[in-house]
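> any chance you can model this:
(chains A and B)
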Protein chains: 2
Amino acid sequence: METVQKVKDGDVRTASRLIRRLEDGASEARTTMKHIFPMTGNAHVVGITGPPGAGKSTLVDGIVGNFREKGKTVGVLAVDPTSPFTGGAILGDRVRMQRHAEDEGVFVRSLATRCALGGLAKAVGDAIHVLDVMGKDIVIVETVGTGQQEVDIINHSHTVLVVLIPGMGDEIQAIKAGIMEIADIFVINKADRDGSSKLQRELMSLLDMAPPSSFAGGWRPPIIRVENAFAPDPFDKSIAELTEKIEEHYQHLINKGILASRDRRKAHVEINEAIRTIIYEPIVKELIDSGEMEAMVEELLAKNNDPYSLAEKVAQRFLKT
Amino acid sequence: METVQKVKDGDVRTASRLIRRLEDGASEARTTMKHIFPMTGNAHVVGITGPPGAGKSTLVDGIVGNFREKGKTVGVLAVDPTSPFTGGAILGDRVRMQRHAEDEGVFVRSLATRCALGGLAKAVGDAIHVLDVMGKDIVIVETVGTGQQEVDIINHSHTVLVVLIPGMGDEIQAIKAGIMEIADIFVINKADRDGSSKLQRELMSLLDMAPPSSFAGGWRPPIIRVENAFAPDPFDKSIAELTEKIEEHYQHLINKGILASRDRRKAHVEINEAIRTIIYEPIVKELIDSGEMEAMVEELLAKNNDPYSLAEKVAQRFLKT
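Numbers count the residues shown, from 1 in each chain, chains lettered A, B, ... in the order given. Next comes the predicted model:
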């Protein structure tokens, strides 16, 4: 296929168009992906997540610059789950990435949920594959995290950075429960601010309390302090330290033979999302297009029926037995 | 049905068990809901969302107290999308609600995503119905918002409060895109902090720029300032003002005949979620239980197949035609 070959040759326009078609849920783009898929698996996928305002975009900008200095090619996917709290933010931040705009070794794309039915994680997974096959050494996936959807997105990564900032108050308490499972590297951003030592101590004791079994292959997530981007010297120094740790973690996954377990996690997410795309979404689309959805809504509003009985009728119509 | 009658009589244990069974995705709980559904529609559902650390729980506590003083019964659903940033937070906050623990007019439940497949919004919708049929005048749904999932949750509400705090920096820019569509009332919490006037001015100009058509029935979202909970006098005063606005908004929906459009929005979400519960989730469960999911993951890891081709095989097996 011509598209596949062009993506393989690193053609930016073809890759951009393919990703856009995937976001739109176009079936011909899925056919292309069937050919893309067997060629994947060369890129190191780095996920970056953290609360809004943690300075993730500036950080990504620094990491991209450092990897480029090392001669590596980089793809960046900025994922923007449409939401009242993040809508538009990331697109605005992308302006900062302009300094890499002229660099052919860097490919930046923003992804947003266009489809009301979700499926964002699937589009992200596919977009990662596209950048991988384009030949990017590093694929960075940046998301403003809090929901399950964002965890699904981050599960496409080999190395996960969790970015925190001082002064989040009790928030450190709030992140305890789930954070251990996903963070490979902690970043304390804006570390020149008051409270950064307190945050670091809290993270340390959090790590101290974690059972050794939670550190895959014996990897205890390091804590990297990154100082203000307006003071370029310490910023560049800590970014260099950070990218080193990112590479070290990837080597760790390979050396300990646990890269496969990350790929397994990715495979689960991909199959679930594909089933959603191929089965659930077309059914809902058919119901909307035929006007049946509206008729069901009317039945519900009139209290002539309930959602489960309506869904069971839909199941009888579409499912075997 | 006995369960239905007990819920109607306000039996807390029966209601709690039913909600737990709904979270677990139990089919007998769905059968119960079919009988519950026709009796719903009496409660005023109030959604409260905002970024982590905005002080939503303290606010909810105050609102509950004020509604109780007015003789209204209240149900609270604290929704905790399992995530690295919120996991455990809300459960911790629930301790503060203890002062209402002895009050029979208040029913508090935390909901979390137990099922890896999602479906949280459906459980929330069902739980709202349960509290409604229990006879609660007000049902408050509190969620830490940022993802699409949280927007789905908040779409179950008649009146939506968006809580913000001063000092969010550029975050006000970040919320522009989607916030207008969901906020009925803005709350500036911790308004005694520096920057609250600036935040208020920014919100005002945001509202000034919005097209009049975005204010349903001519309702321009008011901005309520709530001061520190540690200074009880101004706190109680602003909470009283807030609950008045909440009631005013509900009256507005009724008077302008637009309550139905909110119910329509809810109905759409409920049908989509029910289809997910009845069609998509059982297919995935069947694949997991039979070991086919693992077999597919292996095929994917060996690059013998791609996610879309695998999902198409699943579709051929489960779908008609």
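
> domain-wise, how is chain A divided?
With domains defined by automatic domain parsing, chain A comprises A:41-257, A:274-318.

> what helices or strands is the helix or strand harbouring residue A:141 leaning on?
Per DSSP states H and E, residue A:141 falls inside strand A:138-144. Under the contact criterion of 3 or more C-beta pairs under 8 Å, 6 or more residues apart in numbering or on different chains; DSSP states H and E, strand A:138-144 touches strand A:44-50, helix A:56-69, strand A:74-80, helix A:89-93, helix A:120-134, helix A:148-154. For the C-beta atoms, the positions are set from N, CA and C on the backbone; glycine is no exception.

> out of the domains of chain A, which is closest to residue B:189?
domain A:41-257 (13.1 Å; C-beta to C-beta).

> so which of the helices and strands packed on strand A:138-144 comes closest to residue B:111?
helix A:148-154 (13.0 Å).

> can you name the next helix or strand after the strand or helix carrying residue A:208?
According to DSSP H and E, residue A:208 maps onto helix A:196-209. Heading C-terminal from helix A:196-209, the first helix or strand you meet, by DSSP H and E, is strand A:223-225.

> which strands border that next one, and is each parallel or antiparallel?
Applying DSSP bridges, strand A:223-225 is found paired with strand A:185-188 (parallel).

> the strand it pairs with: how far from the chain's middle?
On the basis of C-alpha atoms, centre = their mean, to the nearest Å, strand A:185-188 sits 17 Å off its chain's mean C-alpha point.

> and the contacts of it?
A:50, A:59, A:159-166, A:196, A:199-200, A:203, A:221-226, A:242, A:245-246, A:249 (C-beta atoms under 8 Å, 6 or more residues apart in numbering or on different chains).

> mean confidence for that strand?
Across strand A:185-188, the average pLDDT comes to 93.

> could you do stretch A:77-94 as well?
Mean pLDDT, stretch A:77-94: 50.

> now do the same end-to-end measure for stretch A:286-293.
9 Å (C-alpha to C-alpha, to the nearest Å).

> is it positioned near chain B?
Yes. Contact of stretch A:286-293 with chain B (C-beta under 8 Å from any C-beta of the partner chain) involves A:287, A:293.

> next structured bit after the helix ranked longest in chain A?
Counting by DSSP state H, the longest helix found in chain A is helix A:232-255. As assigned by DSSP H and E, the chain's next helix or strand after helix A:232-255 is helix A:259-275.

> and that next one, C-alpha only, in CSV?
C-alpha atoms of helix A:259-275 as CSV (Å, rounded to 0.1, in the frame of the first residue of the first chain):
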residue,chain,number,x,y,z
LEU,A,259,9.6,-5.2,28.2
ALA,A,260,7.3,-8.0,27.2
SER,A,261,5.1,-7.4,30.2
ARG,A,262,4.6,-3.8,29.2
ASP,A,263,3.8,-4.9,25.7
ARG,A,264,1.3,-7.3,27.1
ARG,A,265,-0.4,-4.5,29.0
LYS,A,266,-0.6,-2.5,25.8
ALA,A,267,-2.0,-5.5,23.9
HIS,A,268,-4.9,-5.9,26.3
VAL,A,269,-5.8,-2.2,26.0
GLU,A,270,-5.6,-2.4,22.2
ILE,A,271,-7.8,-5.4,21.9
ASN,A,272,-10.4,-3.9,24.2
GLU,A,273,-10.4,-0.7,22.3
ALA,A,274,-10.6,-2.4,18.9
ILE,A,275,-13.7,-4.4,20.1
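
> gap between that helix and the chain center?
The answer for helix A:259-275 is 14 Å, by C-alpha atoms, centre = their mean.

> next helix or strand past that helix?
Heading towards the C-terminus - elements assigned by DSSP H and E - helix A:259-275 is followed by helix A:281-289.

> elements contacting that following helix?
helix A:292-301, helix A:307-318, helix B:259-275.

> quick one: closest of these to residue B:232.
Of all the helices and strands packed on helix A:281-289, helix B:259-275 comes closest under C-beta to C-beta, at 33.7 Å.

> now do the buried residues in that closest one.
By 16 or more other C-beta atoms under 10 Å in any protein chain shown, the buried positions in helix B:259-275 come out as B:259, B:262-263, B:266-275.

> do stretch A:21-40 as well
For stretch A:21-40, using 16+ other C-beta under 10 Å, the buried residues are A:21-23, A:25, A:29-30, A:32-37, A:40.

> intersect these with the contacts of chain B.
Among the buried residues of stretch A:21-40, chain B is touched by A:30, A:33, A:34, A:37 when using C-beta under 8 Å from any C-beta.

> out of the residues you listed, which is nearest to chain B?
Lowest distance from chain B to those (C-beta to the nearest C-beta) belongs to residue A:37, with 3.8 Å.

> ok so, going back, for the longest helix of chain A, which helices and strands make contact with it?
strand A:44-50, helix A:56-69, strand A:159-164, strand A:185-188, strand A:223-225.

> touching the shortest one from outside, list them.
Just to be clear, that refers to strand A:223-225. Contacts of strand A:223-225 (C-beta under 8 Å, 6+ apart): A:185-188, A:191, A:196, A:200, A:203-204, A:207, A:238, A:241-242, A:245.

> narrow those to just the buried residues.
A:185, A:186, A:187, A:188, A:191, A:196, A:200, A:203, A:207, A:238, A:242, A:245.

> surely the last one and residue A:222 touch.
Yes. Using C-beta atoms under 8 Å, residue A:245 and residue A:222 qualify as a contacting pair, with a distance of 5.6 Å.

> who's the closest spatial neighbour of residue A:189, skipping the chain neighbours?
Leaving aside its chain neighbours, residue A:189 sits nearest to residue A:55 (4.6 Å; criterion: C-beta to C-beta, 6 or more residues apart in numbering or on different chains).

> again, but for residue A:122
residue A:273 (3.5 Å).

> how many other residues sit next to residue A:303?
12 (other C-beta atoms under 10 Å in any protein chain shown).

> where does the prediction get shaky in the stretch 151-300 of chain A?
A:151, A:168-181, A:229-231 (pLDDT under 70).

> which SS state does residue A:54 fall under?
Assigned by DSSP: H, G, I helix; E, B strand; the rest coil, the conformation of residue A:54 is coil.

> relative to residue B:135, how far out is it?
From residue A:54 over to residue B:135 the distance is 44 Å, taken as C-beta to C-beta, to the nearest Å.

> and if you look at residue A:163?
46 Å.

> what of residue A:291?
37 Å.

> swap in residue A:271?
Residue A:271 is 44 Å from residue B:135, by C-beta to C-beta.

> neighbour count winner among residue A:54 and residue B:135?
The residue with more neighbours, out of residue A:54 and residue B:135, is residue A:54; 22 against 16, by other C-beta under 10 Å.
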